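S.K.: Turn this into a structure:
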Amino acid sequence: MRSTPARITRSRSRALTSNATLLESFQTAAQSDPQLEALCALYGLTRIGADLAWFLENDYIAAHKSRALRKQQIELVNELAPASLALCEAGAIPDSCSGPLADAQYLVASALAP
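M.R.: Residues are numbered from 1 along each chain as shown. You can find the predicted model right below:
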């Protein structure tokens with residue numbers, strides 16, 4: 001079965017709706033915690049970034065705004081970096097799925113944590 005533009009559009013619409021629903025739920029849950037709010041914002045920006053080409057091609061986002069989105073993502077990552085180990089532990093992420101930010105010694109050595 002070949003993908004038609006209409007089928008691709010419907011598929012994209014379903015994916016965006018699903019992501020929007022997840023983000024709205026995340027925002028509601030994160031209202032009482034500044035770290036969760038930052039994590040929620042990072043998730044939202046990451047989802048936009050994943051489809052940035054589509055947003056740019058369809059004039060939903062201007063090029064200079066896309067640069068601002070990336071800058072905001074970097075700021076949020078830097079803000080959340082010191083808490084990354086605690087966030088990973090709170091999510092019960094297995095060690096096999098964790099990268100260097102889940103290693104307390106790495107965080108201290110790279111001055112990302114006190």
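
S.K.: So which residues make contact with whichever helix or strand residue 108 is part of?
M.R.: Using DSSP states H and E, residue 108 sits in helix 104-109. Identification of contacts with helix 104-109 by CB atoms under 8 Å, 6 or more residues apart in numbering yields 81, 82, 84, 85, 100, 101, 112, 113, 114. Every residue, glycine included, has its C-beta placed from N, CA and C.

S.K.: same thing but at 10 Å, please
M.R.: 81, 82, 83, 84, 85, 99, 100, 101, 103, 112, 113, 114 (CB atoms under 10 Å, 6 or more residues apart in numbering).

S.K.: What is the host helix or strand of residue 64 packed up against?
M.R.: Assessed by DSSP H and E, residue 64 sits inside helix 63-80. If contacts are counted by 3 or more CB pairs under 10 Å, 6 or more residues apart in numbering; DSSP states H and E, helix 63-80 sits against helix 34-50, helix 52-57.

S.K.: in the helix holding residue 108, what's buried?
M.R.: For helix 104-109, the buried set under the neighbour-count rule, 16 or more other CB atoms under 10 Å, comprises residue 107.

S.K.: Can I get stretch 69-87 in CSV, CA atoms only?
M.R.: Output in CSV follows, covering the C-alpha atoms of stretch 69-87 (Å, rounded to 0.1, in the frame of the first residue of the first chain):
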residue,chain,number,x,y,z
LEU,A,69,13.6,27.2,20.4
ARG,A,70,17.0,25.5,20.2
LYS,A,71,18.5,28.1,22.5
GLN,A,72,15.7,27.5,25.0
GLN,A,73,16.2,23.8,24.9
ILE,A,74,19.9,24.2,25.7
GLU,A,75,19.0,26.5,28.6
LEU,A,76,16.5,24.0,30.0
VAL,A,77,19.0,21.1,29.7
ASN,A,78,21.6,23.2,31.6
GLU,A,79,19.0,24.0,34.2
LEU,A,80,18.0,20.4,34.7
ALA,A,81,21.5,18.9,34.5
PRO,A,82,22.2,19.0,38.2
ALA,A,83,19.0,17.2,39.0
SER,A,84,19.4,14.7,36.2
LEU,A,85,20.4,11.8,38.5
ALA,A,86,17.5,12.4,40.8
LEU,A,87,15.1,12.6,37.8
